[in-house]
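Peer 1: Predicted coordinates and the sequence they were generated for:
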Amino acid sequence: MTETTRTYDVIVIGGGPVGENVAERARAAGLTAVIVERELLGGECSFWACDPSKALLRPVVARADASRIPGLDPAVAGPLDVAAVLAHRDRMSSYWKDEDQVDWLNSVSVDLVRGHGRLTGPKQVAVHTPEGDTMALTARHAVAVSTGSRAALPPISGVDTVRPWTSREATSADQVPGRLAVVGGGVVAVEMATAWQALGSQVTMLVRERGLLDRMEPFAGELVTDGLREAGVDIRFDTTVTALAREDGEVRITLGDGGQLAADEILLATGRAPQTRDVGLETVGLTPGDWLTVDDTFRVTGVDGGWLYAVGDVNGRALMTHQGKYQARIAGAVIGARAKGEPVDDARWGAHAATADHAAVPQVVFTTPEVAAVGLTSREAEQSGRRVAVVDYDLAQVAGAHQYGADYRGWARMLVDTDRDTVVGVTFAGPGVGELVHSATIAVAGEVPLDRLWHAVPAFPTLGEVWLRLLETHRG
C-alpha cells in the first residue's frame, strides 16, 4: 500500500457482517466504498459469537433431540466426542482466518484497509495500519460506524486479576474446564452453560435475577432452567458476586451472602457495551464510549450535515447479527438514495426505515429446549398500554410434537392486538421451535389480519400446526 490518502463515496469503520453489508449495499447503489477493519474481516459473529457458539451447541441440541426418538436413544447415550466437537467449531470459525471473507469483499468490488480507524472530523477517517503507517480517508457522502459491541465486565473486586472468560473465550477455548462458573442469566450465559456442561464441565450459574432469560416470557426461562438442571447444571438465583481472586490456578469466588465457590474458569456474561471508546467520536461532538443514537434511517443524531451513520450493535437498538444486517441493508440503500438525490421513503415499513427494530425483532436461543420469539412480550405490551389478548397453548398437544419425540415439553404464546386484530408478539419454547420463528416474524412484520392468517394452513403433522391451535384457542 503506497497511497497516503484516498477518497471514497462511503467509508465503513468495522468489517463485521454489518459493515460488510453496508458497504455491499452502497456499492450496489453505484457508490464506491471501503471497509476499515482492525481485526478479522467478518467480525465478532464469524469468529467469536454466532458461528462458533452454534457449532458448539449443534451437537448438544442434536443429541438431545435424538435421545427422544425410540431406536436412536441408546445410540446417543454416551458422552460427546469433545475433540470432534471442538474441531467442528474450528472449521465453522474458518480457523480464525479471513481469506474467504476477503475473497467475497473483492467479488463485490469493495476495498479493504486493515488497521485502526478513527474519525478526525466531518467525513474524515485516519487509519493506523499494522505497518505503523497512517492513511487519511475522505468520504464524499457518508461514514458508517459499524464497530459492534464488546463484553461489559461488572465492577467486581478483583475482576481484572483473574483473567475471566467473556463470550470470546467461551466460544474459542480449546480445553474443557473441569469446573466453570457462569455469572449471568441471559442468552450468552444459558447457551454457554448448555454447551460446556455437555462437553464435560461442571457448570454453576450465578444469577442475580430470580429467573433466566428475564427479558423474555417467564415460561421460556422456566423451561430452560428445567433443561439445564436436568443436564446437571447448578443454578443459583438471587445470587451476586462481590469479589474474585485467582489462587493456585483456580478462581475463588466470594458471593453476596458471604459464601465461597471455586472454579477453574469463570465466564462473565453480564451484558454488552458499544465499541466506541476509540473511534474519534470526540472530533465530531460526541462522547467516546457511548451508544450512538440514530433515527430510523441510521443517521446519528446530534451531528451536523447528516453524513454520519451508526449501524448494528453500536446503536444499541437490537444486538443480534441478523438484525444488524437488516439495518445495514436499510442504511446502504438510504445512503445511496441520498447520494443520488432520490426520494427517501422513511415512513413506517418504508424502504428506508428500520421499522422492524421496533416491531418485529426475531431471536432464537439455542438451548435444550430452544426458545424462539419475535415482537412484544406480554410485559412489554402491558407497559406500552396496548390492548392485547394473551393466547397460550401447550405445544405437547400438537401432533407434530409427538412425532418429534417422546415426553415433549413446550409452550407457545401469541399476543393479539385486539384493536387491529393482528399478531404483535409470539414466543415458543420447546425442542425444534427455532424453525417456527420465521413464520411468526412474517405474521408480525406483515401485520397479517387473523382472518387472513386463518387461511394459512399448517402441514400435518408438524410443529407448525401450533398456529392453527393458537388461532382456534383465540376464537374460542
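Peer 2: Okay, I see it.
Peer 1: By mean pLDDT, point me to the weakest helix or strand of this protein.
Peer 2: Within the chain, confidence by mean pLDDT, DSSP states H and E is lowest for helix 399-404 among all helices and strands, at a mean of 91.
Peer 1: ok, the next helix-or-strand element following that one: who's next to it in the sheet?
Peer 2: Sequence-wise, the next helix or strand downstream of helix 399-404 (DSSP states H and E) is strand 411-417. Note on strand 411-417: by DSSP bridges, its sheet partners are strand 388-394 (antiparallel), strand 422-430 (antiparallel).
Peer 1: Give me the contact list for the first one.
Peer 2: It refers to strand 388-394. Outside strand 388-394, the residues within contact range by C-beta atoms under 8 Å, 6 or more residues apart in numbering are 376, 378, 381-382, 410-418, 424-425, 466, 469-470, 473-474. From N, CA and C alone the C-beta is placed, and that goes for glycine too.
Peer 1: for stretch 94-114, same thing?
Peer 2: 1, 6, 8, 15, 20, 23-24, 27-28, 32-38, 40-42, 46-47, 127, 129-130, 135, 137, 172.
Peer 1: For the stretch 51-200 of the chain, give me the ranges with low pLDDT.
Peer 2: For the stretch 51-200 of the chain, no stretch has pLDDT under 70.
Peer 1: could you pull out the helices for it?
Peer 2: Per DSSP state H, counting those that start in this stretch, the stretch 51-200 of the chain carries helices over the ranges 82-92, 99-107, 167-172, 187-198.
Peer 1: Would you tell me which one of the ones you listed is buried the most?
Peer 2: helix 187-198 (a mean of 25; mean count of other C-beta atoms under 10 Å).
Peer 1: Kindly export that helix (C-alpha atoms) in CSV.
Peer 2: Taking Å, rounded to 0.1, in the frame of the first residue of the first chain, the C-alpha atoms of helix 187-198 are listed here in CSV:
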residue,chain,number,x,y,z
VAL,A,187,-28.7,-15.6,26.3
VAL,A,188,-24.9,-15.9,26.3
ALA,A,189,-25.0,-17.4,29.8
VAL,A,190,-27.6,-20.1,29.1
GLU,A,191,-26.1,-21.1,25.7
MET,A,192,-22.6,-21.4,27.0
ALA,A,193,-23.8,-23.2,30.1
THR,A,194,-25.6,-25.7,27.8
ALA,A,195,-22.5,-26.2,25.6
TRP,A,196,-19.8,-26.6,28.3
GLN,A,197,-21.9,-28.8,30.6
ALA,A,198,-22.5,-31.2,27.7
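Peer 1: tell me how far that helix is from the chain's mean position?
Peer 2: 15 Å (C-alpha atoms, centre = their mean, to the nearest Å).
Peer 1: How about residues contacting it?
Peer 2: With C-beta under 8 Å, 6+ apart as the test, helix 187-198 has contacts from 53, 56-57, 59-60, 63, 80, 167, 170-171, 176-177, 180, 182-183, 203, 205, 207, 212-213, 224, 227-228, 231-233, 267, 269, 363, 365-368.
Peer 1: Please apply the same query to stretch 230-239.
Peer 2: For stretch 230-239, contacts defined as C-beta under 8 Å, 6+ apart pick out 185, 193-194, 197-198, 202-212, 225, 228-229, 255-257, 368.
Peer 1: Could I have the buried ones of these as PyMOL selection syntax?
Peer 2: Of the contacts of stretch 230-239, the buried ones can be selected in PyMOL as follows, counting by 16 or more other C-beta atoms under 10 Å:
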select buried, resi 185+193+194+197+198+202+203+204+205+206+207+208+211+212+225+228+368
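Peer 1: rewinding a little: quick one, which of the contacts of strand 388-394 are buried?
Peer 2: 376, 378, 381, 410-417, 424-425, 466, 469-470, 474.
Peer 1: Give the burial count for the closest residue in space to Gly405 that isn't next to it in sequence, as a bare number.
Peer 2: Among residues not flanking Gly405 along the chain, Arg68 sits closest, at 2.6 Å (C-beta to C-beta, 6 or more residues apart in numbering). Here the number of neighbours of Arg68 (other C-beta atoms under 10 Å) works out to 15.
Peer 1: circling back: which of the contacts of stretch 230-239 fall in strands?
Peer 2: 202-206, 255 (DSSP state E).
Peer 1: for this protein, what's the longest strand?
Peer 2: The longest strand of the chain (DSSP E) is strand 134-145.
Peer 1: So which elements touch it?
Peer 2: Counting contacts by 3 or more C-beta pairs under 8 Å, 6 or more residues apart in numbering; DSSP states H and E, strand 134-145 packs against strand 5-13, helix 17-28, strand 116-121, strand 124-128, strand 308-310, helix 321-340.
Peer 1: Tabulate these (CSV), appending distance to Val391 and mean neighbour count.
Peer 2: Output for the helices and strands packed on strand 134-145, formatted as CSV (distance: least, C-beta to C-beta, whole Å; neighbours: other C-beta atoms under 10 Å):
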stretch, distance to Val391, mean neighbour count
strand 5-13, 43, 22
helix 17-28, 35, 26
strand 116-121, 49, 18
strand 124-128, 50, 19
strand 308-310, 37, 28
helix 321-340, 26, 23
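Peer 1: that older thread, show me which residues of the longest strand of the chain are buried.
Peer 2: Within strand 134-145, the residues that count as buried by 16+ other C-beta under 10 Å are 135, 137, 139, 141-145.
Peer 1: so what secondary structure elements neighbour the least confident helix or strand of the chain?
Peer 2: Here helix 399-404 touches no other helix or strand, going by 3+ C-beta pairs under 8 Å, 6+ apart.
Peer 1: got the CA coordinates for it in CSV?
Peer 2: Written as CSV, here are the backbone C-alpha positions of helix 399-404 (Å, rounded to 0.1, in the frame of the first residue of the first chain):
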residue,chain,number,x,y,z
ALA,A,399,-49.5,-33.9,16.8
GLY,A,400,-46.1,-32.9,15.3
ALA,A,401,-44.6,-32.7,18.8
HIS,A,402,-45.5,-36.4,19.4
GLN,A,403,-43.6,-37.2,16.2
TYR,A,404,-40.7,-35.0,17.3
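Peer 1: What residues sit buried inside it?
Peer 2: Residues 400-401, 404 are the ones in helix 399-404 that count as buried (16+ other C-beta under 10 Å).
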